[in-house]
Each structure stands twice: as structure tokens, then as C-alpha cells.
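[1] Need the 3D shape of this:
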Amino acid sequence: MIAGNAPVGALDVPTLLVVAICVTAVLGLFLLLAWLQQRSVRALAWWGAAYLIGAVSLATWSAPGAALEVPSEIPAMLILIACGMIWNGVRLFHGRRVLRLANVAGATIWLAGTRLPFFAAHEDGRIALGAVVVAVYTFCIALEFWRDRRQSLRSRVGAILVPSLHAGIFLTPLVIRVCLPDAPAQRWLVIFALETIIYAVGTAFILMLMVKDHYVHIYRSAANSDPLTGLLNRRGFVESARSLCKHVGGQKPIALLMFDIDHFKSVNDRFGHAVGDEVLRLFAQVTNANLRVNDVVARLGGEEFAAIVPADRGQATSIAERVRLAFETAGVVVAGHRIGATVSIGVALSDTPVANIEALLLRADAALYEAKAAGRNCVVVAGREPAPPIAGREVAAGTVVPFPGRKSAA
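    Model prediction:
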């Protein structure tokens, strides 16, 4: 509650709080309006509603005692509910399901805790308990950002700034009470009101930048993605591979893996193209699950896939074998049909900066052809030296990686 209407220096506390409430409410309405124009981004609706609830909480908390007859716990509970909604908004933004209980879990835990004798008798204890709940929400928000595998720069900035601002605004009362126990209430109310304004404006700006970045990513992905599997197409693969090679800059060896699903035409002939499509989707899922965050994987066309990874010979062979084994296990039964799908893999390595992705693709493709000739369902690593000019598909022999139970027939 506001102890009085005396200004602190040139800043009048009630006026600042009114400004903070209005700014928060207006930004909440702005986010809701943005959602009405972009209904596919449901996170905007959650964030807008959270802002409005935060504005109501500020208004309830800062009103004179006689103005609103509400329990003193209500403002704090509303703030914690808003925290839960911001978390769920971030989950939605990254394509994850809403945890509805999370909206009220923090407020419920805080309210139950304040009924304990210690917290009931100490206001600082109640503030500390609320700060702990906010800290948990903040950690959850940060975790949602970092779980996004392919974040842009703006998303990575958001992963740091949004939780930091979120924590800063709600933890400030505790810090001030602990560090400045004798400070006048009016002084920290000024700080709290100013920080609320900065938080509301700054976070809304960052969220809108993230939404814009999200749409840019969608449009770019549509041009560079394979619609069936969701992986990169050939164009997207070449662009991403060049970017990865430039980033690595010769500091690590680069390995290019070529995959070809064995007897895929036979799968289409026996079970139909719908089942064949399921086999392709399954391989895309298996490959994604067995590659690392920074590896680049794509469907080049038909049943051919490729991946480029920063790895030496041993690491590349291990990755390829892991994908082969995983797909052999997953491909036994596909879409209710006993398929027994397997994959052949060719690997080409470069210890120097890669200047020509297409040349590396040709070397990996030659190794893949040898894997097919060696009986399929195996990994072949091309020699270290660049292959001579290819006439047809004849190249120098590579290295076949053995494994138990290889098929003997081509």
C-alpha cells in the first residue's frame, strides 16, 4: 500500500504507479491485438493476457486501503499466475503443449506456504517465498528458450533477456528489503514502479522481435525444406553446409554422410507409395534423433539423404553406424507392414577447409555406391585423398566398416 502522496524528489510515487499500470495494460492490449492479426501465434494471446493480469495486480496492490476491499494475498497471487502464463506462452511459441496447472501452481504453493506459522508471522518470509516461486518460473522460461535446437540470434538474446527482466522485476522487492531494511517504503516503491515500466516495454519489444524472427524462419524454411520429411532440401543443405564449414573454418575435420534407403523401389512396389512415404519420414526422424544439435541433415531427393557434421574419421563412423543401427531397428515394421528397411551409408572426410561442397558430395556418393556394391546395410568411408575425376561411378576403393550380420547379396 502507498503510505502517502508525498513526492520523492521530483518523482511522485502514485503517478509513477499509475503510469506503470497503464503501460502494462496498454502493452497487454497491444499483444492481444497482434494475436488477432496473427492467430497462428497463440503465444501472443497468453502474453497479452498475462500483461493484463499483471496490470490488475499492480492496480489492486497500489490502491489505497479503502478503495478496494480485496484480501492482501490477491495481488501476489495474480502476479504469480501471470508468471505461469508467460511460461506457457513461451512453450506455445516453441510448439510445445500448454501445462495448464502451471498457471496456478505457483500461486497455490505460495498461498499454502503463507499459511504456515513462520511465513504468516514474517512479511519478509512471504516475500522470500514469492521470490523463490518466481525464480522457478524464470528458470522454466529460460529452459524453454534453450530447448529450441536451431535458435536464431534474436531467440538466443531472448533466452537471456526475457528471463533476466522477468526475474529482476519480481525479485527487486526482496533485494531492497534485505539490503536496505531501513529504507523508506516510498523510495523502493519508486524503484519498483520504474522497473515495472522498463520491464513491460522491454519484454514486449523482445517478444515482438521473436515473433517477427519466427515468421522469417517459417518463410525461409518453406523455401529450403522438404515438405514430406521436414528436413532441408538440397538447396537448403548446400547453403547450411557452406555456413557450417565457414563457421568451423578448418579448426575441425568435416565429414559428409550420404544415405540411401535400401531396396526402396521394392518397398513402393510391394506396399504402395503411402508406405514408402512413411519409411522416408521414419528415416528422417531416426536421423534427427541420432545426430547432434549443430549437425546439418537433408533429403536430397527420392530415397537419398545427406548430413554434414564436424567430426573426425572415428566420430563420423560412429555417427553413421549409430544411424544405421537405429534405422535397422525402427524399420522392421513400418505402418503395420513388416518392411525390414535398412540404409547404406557413404562417408567422405576433409581435414582442410571445405571450399567445394559438391566435390565432397561426389566423394561421399562414390563411397555410398561402394556400400551398395558391398551388400547394402553398411558404412563405407572414402579415402582421405580427393577422388579422381569420376567416369560413371567408378572410384578408388574405400574402407568398408564391418558389422555383424551384414547381407551378402547386393
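[2] can you pull out the strands in the stretch 151-300 of the chain?
    254-261, 296-301 (DSSP state E, counting those that start in this stretch).
[3] can you count the residues close to residue 352?
    8 (other CB atoms under 10 Å). Glycine gets a C-beta too; all of them are placed from N, C-alpha and C.
[4] Nearest to residue 242, out of the strands of the stretch 151-300 of the chain?
    Residue 242 lies closest to strand 296-301 among the strands of the stretch 151-300 of the chain, at 9.9 Å (CB to CB).
[5] contacting residues around the closest one?
    226, 228-229, 231-234, 236-237, 240-241, 244, 280, 284, 287-288, 291, 305-309 (CB atoms under 8 Å, 6 or more residues apart in numbering).
[6] filter these to the buried ones?
    By neighbour count, with 16 or more other CB atoms under 10 Å, the contacts of strand 296-301 hold 226, 229, 231-234, 236-237, 240-241, 244, 280, 284, 287-288, 291, 305-309 as buried.
[7] Keep only those of those residues that are in helices.
    Using DSSP state H, 234, 236-237, 240-241, 244, 280, 284, 287-288 are the members of the buried ones among the contacts of strand 296-301 that sit in helices.
[8] Could you work out the most separated pair of the residues you listed?
    Pairwise across these, and taking CB to CB, the largest span is found between 244 and 280, at 23.6 Å.
[9] can you tell me which residues contact the nearest residue to residue 136 once chain neighbours are set aside?
    Spatial nearest neighbour of residue 136, excluding adjacent residues (CB to CB, 6 or more residues apart in numbering): residue 106 at 7.2 Å. Residue 106 makes contacts with 80-81, 83-84, 133-134, 136-137, as judged by CB under 8 Å, 6+ apart.
[10] Now do the contacts for residue 254.
    Contacts of residue 254 by CB under 8 Å, 6+ apart are 244-245, 248, 308-311, 349-350, 354, 360.
[11] Out of these, grab the one that's most surrounded.
    Busiest of the contacts of residue 254 [other CB under 10 Å] is residue 308, holding 28 neighbours.
[12] quick one: the closest residue to that residue other than its chain neighbours and residue 350, what's the gap?
    Distance criterion CB to CB, 6+ apart; nearest residue to residue 308, sequence neighbours excluded, is residue 241 at 4.5 Å. Applying CB to CB, to the nearest Å, the value for residue 241 to residue 350 is 11 Å.
[13] Spell out which residues are contacts of both of those two.
    With CB under 8 Å, 6+ apart, residue 241 and residue 350 have common neighbours residue 256.
[14] didn't residue 264 look like it was pressed against residue 275?
    No. Between residue 264 and residue 275 there is no contact under CB atoms under 8 Å: 10.9 Å.
[15] how about residue 257, what does it touch?
    306-309, 316, 319-320, 323, 345-347, 364 are the contacts of residue 257 under CB under 8 Å, 6+ apart.
[16] quick one: contacts for the residue lying closest to it once chain neighbours are set aside?
    Excluding the flanking residues, the one nearest residue 257 by CB to CB, 6+ apart is residue 307, at 4.5 Å. Applying CB under 8 Å, 6+ apart to residue 307 gives the contacts 256-257, 259, 287, 291, 295-298, 319.
[17] okay if I get these as JSON lines plus distance to residue 338 and pLDDT?
    Formatted as JSON lines, the contacts of residue 307 follow (distance: CB to CB, whole Å; pLDDT from 0 to 100):
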{"residue": "256", "distance to residue 338": "33", "pLDDT": "95"}
{"residue": "257", "distance to residue 338": "27", "pLDDT": "96"}
{"residue": "259", "distance to residue 338": "22", "pLDDT": "97"}
{"residue": "287", "distance to residue 338": "22", "pLDDT": "94"}
{"residue": "291", "distance to residue 338": "27", "pLDDT": "90"}
{"residue": "295", "distance to residue 338": "31", "pLDDT": "88"}
{"residue": "296", "distance to residue 338": "33", "pLDDT": "91"}
{"residue": "297", "distance to residue 338": "27", "pLDDT": "93"}
{"residue": "298", "distance to residue 338": "29", "pLDDT": "94"}
{"residue": "319", "distance to residue 338": "28", "pLDDT": "94"}
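[18] Enumerate every residue touching residue 248.
    Residue 248 touches 254, 310, 353, counting by CB under 8 Å, 6+ apart.
[19] Kindly recompute the last result at 7 Å.
    254, 310 (CB atoms under 7 Å, 6 or more residues apart in numbering).
[20] Repeat that for the one 5 residues further on.
    By CB under 7 Å, 6+ apart, the residues touching residue 253 are 311-312, 349-351.
[21] now, among those, which is nearest to residue 335?
    residue 311 (32.7 Å).
[22] My understanding was that that closest one contacts residue 256; is that so?
    No. Residue 311 lies out of contact with residue 256 (CB atoms under 7 Å); the separation is 10.1 Å.
[23] Would you quantify the distance from residue 340 to residue 112?
    56 Å.
[24] more neighbours, those two?
    residue 340 (14 against 11).
[25] gap between the closest residue to the more buried one other than its chain neighbours and residue 271?
    Excluding the flanking residues, the one nearest residue 340 by CB to CB, 6+ apart is residue 332, at 6.0 Å. From residue 332 across to residue 271, the span is 14 Å (CB to CB).
[26] just residue 49 next, same as before
    The value you get for residue 49 to residue 271, if CB to CB is used, is 48 Å.
[27] Then residue 16?
    Residue 16 is 70 Å from residue 271, by CB to CB.
[28] Specify which residue of the two has the higher count of neighbours.
    Taking neighbours as other CB under 10 Å, residue 16 and residue 271 compare with residue 16 leading, 21 against 18.
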